[in-house]
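In: Please find the sequence and the predicted model below.
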Amino acid sequence: GAVVSQHPSWVICKSGTSVKIECRSLDFQATTMFWYRQFPKQSLMLMATSNEGSKATYEQGVEKDKFLINHASLTLSTLTVTSAHPEDSSFYICSARDFSGAHSYEQYFGPGTRLTVT
Amino acid sequence: QKEVEQDPGPLSVPEGAIVSLNCTYSNSAFQYFMWYRQYSRKGPELLMYTYSSGNKEDGRFTAQVDKSSKYISLFIRDSQPSDSATYLCAMSEGSGNTGKLIFGQGTTLQVKP
């Protein structure tokens, strides 16, 4: 099956610094990638939809200037958490769709990145 | 009211039991229904996918969708300890370029040996 990787898997940063998380589709091209946030014992909340070569579409309540998304190629999307604060500590998960695949509806999820802001 | 409601559990069953997991939803435009399994500190993996109403079976797993009642279910037969995980239902209005998924809260399942 299609594989999506994320890097780093775990990061600790100080309040006020920025952190970049990478999401890669390893064996397929993903024109669309999604970024989710998941708090402990809660479900995945969609933050934004990232389309290759265009601006990301953010969900209501998600700050565009704080969560910068770049989808510069068909295999890589990045999420940068700028000026991170402790309340940004969460599990960030990306997913990618393979529109050329037999199951174009399917979203393949990365393993997630745990961010802790101290 | 949330678009998708799912009992968070936790649900604890003995090995070999039949497990029933359910979600209700309010958006009648949902057409695609999925069940994901998520192990602790991992990303979700797709278990079952159903379009519109009906049943779908895959091994020990059966997914049911009742659009008239806005109710979906996942049944696990002969449950195993390895089935212990969080199960998330997810729904989408379309499979087109948006394909935005709305997730339920997730039900934590523990299968005891």
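Out: Cool, got the structure. If you're wondering where the values come from, they're calculated on a predicted model, not measured in any experiment.
In: Given the lowest-mean-pLDDT helix or strand in chain B, what are its sheet partners and their directions?
Out: Least confident element among the helices and strands of chain B, by mean pLDDT, DSSP states H and E: strand B:45-51 (a mean of 88). Partners of strand B:45-51 in the sheet, by DSSP bridges, are strand B:32-38 (antiparallel).
In: thinking again about what came up before, for the least confident helix or strand of chain B, what is the distance to the chain centroid?
Out: 8 Å (Cα atoms, centre = their mean, to the nearest Å).
In: Ok, stretch A:46-60 next?
Out: For stretch A:46-60, the distance to the chain centre is 10 Å (Cα atoms, centre = their mean).
In: Span of that stretch from start to end?
Out: 10 Å (Cα to Cα, to the nearest Å).
In: which parts of it are buried?
Out: Neighbour counts over stretch A:46-60 (16 or more other Cβ atoms under 10 Å in any protein chain shown) mark A:46, A:47, A:48, A:49, A:50, A:51, A:52, A:56, A:57, A:58 as buried. Bear in mind the C-beta positions are built from the backbone N, C-alpha and C, glycine included.
In: what's the burial count for residue B:54?
Out: 12 (other Cβ atoms under 10 Å in any protein chain shown).
In: can you list the residues of chain A near chain B?
Out: A:4, A:6, A:32, A:34, A:41-46, A:49, A:51, A:91, A:93, A:95, A:97, A:103-112, A:114 (Cβ under 8 Å from any Cβ of the partner chain).
In: redo that, cut-off 10 Å
Out: Neighbours of chain B within chain A, by Cβ under 10 Å from any Cβ of the partner chain: A:1, A:4, A:6, A:9-10, A:31-32, A:34, A:36, A:38, A:41-46, A:49, A:51, A:57, A:59, A:91, A:93-95, A:97, A:99, A:103-114.
In: how about the nearest residue to residue 28, chain neighbours excluded?
Out: Using chain A here. Spatial nearest neighbour of residue A:28, excluding adjacent residues (Cβ to Cβ, 6 or more residues apart in numbering or on different chains): residue A:98 at 4.3 Å.
In: hmm, I had chain B in mind actually
Out: Residue B:28 sits nearest to residue B:70 (Cβ to Cβ, 6+ apart), 7.0 Å away.
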